[in-house]
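> after the sequence you'll find the predicted model.
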Amino acid sequence: MKKTPLALALVATVLVLLATAVTLFFGRDYFYGGSIAGIVVSVIIPIIAVILIIIVWVQYEKQRTKEFKQVAEEMGFIFYPKGDDMQLRIGVTARLSDFHLFSQGRSRKIRNMLHGVSEQLEVGIFGYQYTTGGGQSSDTVRQSVIYFRSPELNLPQFALRPEYLFHKIGSALGYQDIDFESDQTGVEFSKKYLLQGKDEQKVRELFATEVLGFFEGQDGISTEGGGDQLIFYRRRKRIKPEDVRPFMEEGLEVFRLFASSQPS
C-alpha cells in the first residue's frame, strides 16, 4: 500500500479510537442527549472514518490492479482487470462453473486476471470473491486462484479442500468424504482433507501414494479437477503482485503432480 492510502487508514483509525475514547470518558448519555458535541462525536466522526476507510480500500485495489498489470506485461500474459470481459466470458470464466468453488455464494467476481496460452497449456491467475449470508451476517470470501487447462490432463472430477469439524460431522451423517486407510500417509491425509468426486474409484486411483504424500505435507491447499482442467488456491488467501511467480510455480507443481499420476 502506498503512503497516501496508509496515511488515510491511520487517520480513520485515530478518529474511530478518539470517538470511542471520548464517549467512554464522558458517558453515552452525554453524547446521545442531543448536544452538538454529542452529534459530532457519535455521528459525524464515525461517518468521516467510514468514508476514509472506503477511500483507502478503493485506492488500495486500484494500486493492486496497476501492479498486477505490470507483472502480466513482464510475463507476456494478457491482463484483464475485470472478469466480465467478453473474451473471458466465452473462454475461461464460462468453464469455471464446472468447479465447486465457483458455485458458492452470490455476487461472484473475478478480478485482475493474468491469462496466457501456449500449445500445451492455458493458464489463468486471478482474484475471485463471493458473498455468503445476508445483512450483518454477510461474509465476503476472497482468494487468489490459478487455473490450468491442458491436453496433458485427463482427470476424473474431484474436489479437495481442508477438512473441518462440520465436514467430519457431515461425513458421519452420510456426506461424501473419500478416505484412505491403507497406510499411515493415507490416514494422515484423510485427517487433513475433505476429498469428493463423482467416480470414487477413479479418484482413488488418481490419489496414489505420491499424491497423498504431497498433500499430507501441505497445509490449507484446495484443488479441483476434471477432464483437461485444474484449479489451485488457498481459501481466503490473496497473493500480492510480487508473489505471482511463486504462486504460479506452486500451482505448476500441483499440475505436474496430477499430470504424471492420473490413471490411464
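Cool, the structure landed.

> and the residue nearest the centre of this structure?
residue 143 (1.6 Å; CA atoms, centre = their mean).

> what's the weakest-modelled helix or strand in the chain?
Between all helices and strands in the chain, the lowest mean by mean pLDDT, DSSP states H and E belongs to helix 28-31, at a mean of 50.

> so what pLDDT did the closest residue to residue 117 other than its chain neighbours get?
Once flanking residues are discounted, residue 117 sits nearest to residue 123: 7.7 Å by CB to CB, 6 or more residues apart in numbering. Every residue, glycine included, has its C-beta placed from N, CA and C. pLDDT, residue 123: 95.

> did I read that right, residue 123 in a strand?
Yes - assessed with DSSP: H, G, I helix; E, B strand; the rest coil, residue 123 lies in a strand.

> burial of it, as a residue count?
Counted with other CB atoms under 10 Å, residues neighbouring residue 123 total 21.

> again with the one 10 residues further on
Around residue 133 there are 11 other residues, counting by other CB under 10 Å.

> pretty sure residue 208 contacts residue 261?
Yes - with contacts counted by CB atoms under 8 Å, residue 208 reaches residue 261, the gap being 5.4 Å.

> could you say which helix or strand contains residue 94?
If you go by DSSP states H and E, residue 94 is part of helix 92-95.

> what lies in contact with that helix?
83, 110, 113, 115, 122, 124, 147, 149, 229 (CB atoms under 8 Å, 6 or more residues apart in numbering).

> hmm, try it at 10 Å
With CB atoms under 10 Å, 6 or more residues apart in numbering as the test, helix 92-95 has contacts from 80, 83-85, 87-88, 102, 108, 110, 113, 115, 117, 122-124, 126, 128, 147, 149, 226-229.

> buried residues, the next helix or strand after that helix. List them.
The C-terminal neighbour of helix 92-95 among helices and strands, as given by DSSP H and E, is strand 106-117. By neighbour count with 16 or more other CB atoms under 10 Å, strand 106-117 contains the buried residues 108, 110, 111, 112, 113, 114, 115.
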